[in-house]
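> predicted coordinates and the sequence they were generated for:
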Amino acid sequence: MKEQIYTKNTLHSERDVQFIKGVGPKRAQALSKIGIDNARDLLYHFPRRYLDRSTVTKISSLKVDQRVTVVGEIESKNYIRTRRGGYFQLLVKDDTGYLRCKWFNSAKYIQKLFKEGETVAFSGKVNYYKGYELVHPDYDKIEEESINTGRIVPLYSSTEHLKKMYLNSKGFRRLYRKIFEKYAIVIEELLPKEIREKQNLSDVRKALEQIHFPDNTEKLKKARRRFIFEELFYLQLIMSLKRESIKSISKQFSYDSPGKLLSKIYEKLPFELTGAQKRVVKEIWQDMKSDRVMNRLVQGDVGSGKTVVAMLAASIAIGNGYQAAIMAPTEILAEQHYQNLKAMTAGLGINTVLLVGNQKKGEREAILEQISKNEANLIIGTHALIQDSVVIDKLSLVIIDEQHRFGVMQRGKLINKGLNPDVLVMTATPIPRTMSMTLYGDMDISTIEETPARKGKIITKKVKENQLPTVYDFIKNKLEEGQQAYVVYPLIAESEKMDLKAAETGYKKLNQKIFRDYSVALLHGQMKNEEKENIMTRFQAGEFDILVSTTVIEVGVDNPNANIMLIENAERYGLTQIHQLRGRVGRGEENGICVLVERNSSEKAEKRLDILCSTSDGFKISRADLKLRGPGEFFSSKQHGYPQMKIADLIRDRKILETARKEAYKLIRIDPHLRKEKHQVVRQHLLDNYQKYMKYVDVL
């Protein structure tokens, strides 16, 4: 009898979602749009958060600035008109008092979502204006009995389309209840038994039931830990497999020695390398002389001397008769590298060429011919390097600068132009350990933690808009002393949708009014190459006192005489971006002054800008940026070609990440090709679900 029921009502993980009771074709179509196509996908659509009696605050216990979740019944709803427009307001009650919930934007849309008498959970920060209120709170409609019975209530992410299909949080709970009551769920265990036992992880069937319908907080915690571990374990497996695949690639060339060119460039340097730079050069040479390809990341703070390290690495390749290519994300940075490296190698017989977009046809064709005949030893360029017309005769070293600006495919195209070349990527955005294990787990990492001694320091201050006249007077005094300044704006032209000061508008105001007695230039990324180069050259020569710019100057601009920077709408930037920008000043003997203009104040903005004012340590700033912005914004997973996290959080779950990494790398050491019988499920899951993330992986 039991066997017959089990057979009839078995739910296998690969069953098409539309054939699950309670779904059907229309709901299946809506679910497919968020990546839910089969039973496993549906069961792995985890709650975004939970609500239980211990997390609910009574209205009578509210305090100003407290972040709370309040559950109450909607007493009334009104659209209130004001001189500036209007807002939508709900009056919410529980058994202890009343609370107002307000929405100023999309108010007419919001008011259609609520009905009087509904029980809703509202979450947000408490304000007080003629009574307690929540402004723009998050909300979840719930059944009153869910709270009164003391159950932990799962709340699910949904879309407007899914809500129309009654698949809001309440709808998902009903659907999952049917699944767990009516089906015997047969779902493959994706974690090897020995790892589950060692890490004390629940089996998948028990964990799924507890994550959707937890009996208590302890069981919920254990279920979440299991799926967080699983997600991070597979991500680290990808990293480990990539690493092994890359390290298994044999070079089609070899280096007899570091070469005389390396020592000649080293002797020409007008300064002594730091201990960190020397160590990193040695690490690079150890990789380059190996018969396996190099895949190394060099990270270092602004001004740590990565360009010199890159040139010394390139000199090894060139000194052995090969070519090296450096790809930069912007033409300004590529031009800067070209000028600096050409000067660094003057008189040493190195033919350095620059390849960027919009070059004249004849000039471009001449450069392409030199590259194809190995007459150009050092090739510097932008995305122009990866075009099909670029044929590099003997490319043995690829250097990618500010590599997070490039997509996976772009990097791959340049690499494919070489003879299984060594790859060296560089970033001036120091990466917290948690992120580096995730984004660069397939690479060897070198860190330049020292910066060369320089006399100038960078002092950072934040100001409000009403303090700008004083700042402008300060800048004028510095200009009178012979110094130069940057003014940075977040946009090129005014935008009606965004309250940001635009570079073009700002330039006109500064040039025609505030700094009319000084020479002011405008620079932005949409200008033609020749125009940008002309402006930068003249600014460096001292012809312009002030350079008004967008973030195009974030990397690559080097003018030791420009020691003042004013950044407009500083609250709109990431911390690491501002840190990069302010690295343009204080590059000479004078102190650099960076002024952050905060126009739209908020608690979060204040906190972020205070961090920049308190430290110039890029690694500290990077860690703070990661905490404040979250890993999803810190680096785009699409850009890096890695899967989005469904349940794991790289900050919160860093300890689980480290454990998952150890287990994943251990598994690949034991079974590099995942050929053992007990690892076949793991192998097949990778092939079925992670193929597009495993570029360069051929060991499976």
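Arrived safely, thanks for sending. Residues are numbered from 1 along each chain as shown.
> after the helix or strand hosting R226, next one along is what?
R226 is part of helix 217-247, with elements assigned from DSSP states H and E. For helix 217-247, the following helix or strand on the C-terminal side (DSSP H and E) is helix 260-268.
> now do that following helix: distance to the chain's middle.
On the basis of CA atoms, centre = their mean, to the nearest Å, helix 260-268 sits 37 Å off its chain's mean C-alpha point.
> what does stretch 281-294 give?
Its chain's C-alpha centre and that of stretch 281-294 lie 29 Å apart, by CA atoms, centre = their mean.
> over to stretch 32-50?
24 Å.
> state the mean pLDDT of it.
Averaged across stretch 32-50, the pLDDT comes to 94.
> and the nearest residue in space to L510 that is not next to it in sequence, its phi and psi?
Spatial nearest neighbour of L510, excluding adjacent residues (CB to CB, 6 or more residues apart in numbering): V520 at 5.6 Å. Every C-beta, even on glycine, is put in place using the N, C-alpha and C of the backbone. Backbone torsions of V520, given as degrees, to the nearest 10, read phi -120, psi 130.
> avg pLDDT for the helix holding R226?
92.
> report the buried residues of that helix.
219-220, 222-246 (16 or more other CB atoms under 10 Å).
> tell me which element V425 falls in.
Counting by DSSP H and E, V425 is found in strand 422-427.
> name the strands paired with that strand and say parallel or antiparallel.
Sheet partners assigned to strand 422-427 using DSSP bridges are listed as strand 295-300 (parallel), strand 395-401 (parallel).
> I'd like the next helix or strand past that strand.
helix 433-439.
> and that following helix, what does it pack against?
Helices and strands touching helix 433-439, by 3 or more CB pairs under 8 Å, 6 or more residues apart in numbering; DSSP states H and E, are helix 217-247, helix 631-634, helix 654-670.
> beyond that helix, next helix or strand please.
Along the chain past helix 433-439, the next helix or strand (assigned with DSSP H and E) turns out to be strand 444-448.
> and that next one with strand 422-427, angle?
50 degrees (axes from the mean of the first three to the mean of the last three CA atoms, to 10 degrees).
> pull out the buried positions in whichever helix or strand comes after strand 444-448.
Downstream of strand 444-448, the next assigned helix or strand under DSSP H and E is strand 458-464. By neighbour count on 16+ other CB under 10 Å, the buried set for strand 458-464 is I458, T460, K462, V463.
> how far away is the first one from I553?
Spelled out, that is I458. 15 Å (CB to CB, to the nearest Å).
> one step back: and which of the buried residues of strand 458-464 is nearest to N320?
I458 (39.6 Å; CB to CB).
> quick check: bridge partners of that closest one?
Bridge pairing for I458 - DSSP bridges - gives G592.
> with D94 instead?
Taking DSSP bridges as the rule, D94 bridges to G97.
> run a quick check on it versus G72, I expect a contact.
Yes. Counting by CB atoms under 8 Å, G72 is a contact partner of D94 at 4.3 Å.
> what about the residue nearest to L510, neighbour count?
Neighbour count for V520, taken as other CB atoms under 10 Å: 19.
> quick one: contacts for it?
V520 sits next to Y507, L510, N511, F544, D545, I546, L547, V548 when contact means CB atoms under 8 Å, 6 or more residues apart in numbering.
> so what's the fifth one closest to, chain neighbours aside?
Excluding its sequence neighbours, the residue lying closest to D545 (CB to CB, 6+ apart) is Y518, at 4.1 Å.
> do the same with the third one
The shortest distance from N511 to any non-neighbouring residue, by CB to CB, 6+ apart, is to V520 (4.2 Å).
> show me where the stretch 1-150 of the chain has its strands.
Using DSSP state E, counting those that start in this stretch, the strands of the stretch 1-150 of the chain run over 10-12, 49-51, 67-82, 85-94, 97-103, 119-128, 132-135, 138-141.
> now these in CSV, with distance to P154?
Shown next, in CSV, are the strands of the stretch 1-150 of the chain (distance: least, CB to CB, whole Å):
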stretch, distance to P154
strand 10-12, 19
strand 49-51, 6
strand 67-82, 14
strand 85-94, 22
strand 97-103, 22
strand 119-128, 12
strand 132-135, 22
strand 138-141, 10
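> and of these, who's closest to K282?
Each of those has some distance to K282 by CB to CB; the shortest is strand 49-51, at 49.0 Å.
> which strands and helices sit next to that closest one?
If contacts are counted by 3+ CB pairs under 8 Å, 6+ apart, strand 49-51 sits against strand 153-155.
> partner strands of the strand it packs on, with direction?
strand 49-51 (antiparallel).
> got the contact list for the partner strand?
Under the contact criterion CB under 8 Å, 6+ apart, strand 49-51 has outside partners 69, 71, 121, 140, 142, 146-147, 152-155, 214, 220.
> can we see that at 7 Å?
With contact meaning CB atoms under 7 Å, 6 or more residues apart in numbering, strand 49-51 is reached by T69, A121, I142, I152, V153, P154, L155, L220.
> compare these and tell me which is most surrounded.
Counting by other CB under 10 Å, top hit in the contacts of strand 49-51: V153 with 25 neighbours.
> picking that back up, could you pull up phi and psi at the residue nearest to D545?
With angles defined as degrees, to the nearest 10, Y518 sits at phi -130, psi 160.
> report how many residues lie close to it.
By other CB under 10 Å, the residues close to Y518 number 17.
> pretty sure it contacts F544?
No. Judged on CB atoms under 7 Å, Y518 makes no contact with F544 at a distance of 8.5 Å.
> S240 and K655, how far apart?
In terms of CB to CB, S240 sits 19 Å off from K655.
> okay, the nearest residue to L523 once chain neighbours are set aside and L491: tell me how far apart.
Distances taken as CB to CB, 6+ apart place S549 nearest to L523, at 4.4 Å, with adjacent residues excluded. Distance of S549 to L491, computed by CB to CB: 12 Å.
> shared neighbours of those two, anything?
When contacts are counted by CB under 7 Å, 6+ apart, S549 and L491 are jointly contacted by A503.
> more neighbours, those two?
Taking other CB under 10 Å, S549 and L491 do not tie; S549 has more neighbours (28 against 20).
> dig out what the more buried one forms beta bridges with.
Under the criterion used (DSSP bridges), S549 bridges to V488, L523.
> pLDDT value on it, please?
90.
> give the contact list for it.
Counting by CB under 7 Å, 6+ apart, S549 touches Y486, V488, A503, L523, H524.
> ditto for A664
Applying CB under 7 Å, 6+ apart, one finds that A664 lies in contact with F233, Q236, L237, S240.
> just these now: which is nearest K417?
Minimum distance to K417 across the contacts of A664 is 27.1 Å, recorded for S240 (CB to CB).
> how much space separates the spatially closest residue to the closest one that is not a sequence neighbour from Q680?
In space, and not counting its chain neighbours, S240 is closest to I668: 4.3 Å by CB to CB, 6+ apart. Relative to Q680, I668 is positioned 15 Å away (CB to CB).
> repeat for V204
To Q680, V204 is 16 Å away according to CB to CB.
> of the two, give the one with the bigger neighbour count.
Just comparing V204 and Q680: by other CB under 10 Å the higher neighbour count belongs to V204, 23 against 11.
> hmm, that one is touching E189, no?
Yes. Using CB under 7 Å, V204 is in contact with E189, at 5.1 Å.
> what does stretch 666-683 rub up against?
If you take CB under 7 Å, 6+ apart as the criterion, stretch 666-683 is touched by E188, E189, L190, P192, L237, S240, L241, E244, V699, L700.
> gap between the two ends of it?
Length of stretch 666-683, first residue to last, CA to CA, to the nearest Å: 15 Å.
> before we move on, what SS does D388 have?
Assigned by DSSP: H, G, I helix; E, B strand; the rest coil, the conformation of D388 is coil.
> which residues does the nearest residue to Y255 once chain neighbours are set aside contact?
Distance criterion CB to CB, 6+ apart; nearest residue to Y255, sequence neighbours excluded, is N320 at 4.8 Å. For N320, the contacting residues are Y255, D256, G259, by CB under 7 Å, 6+ apart.
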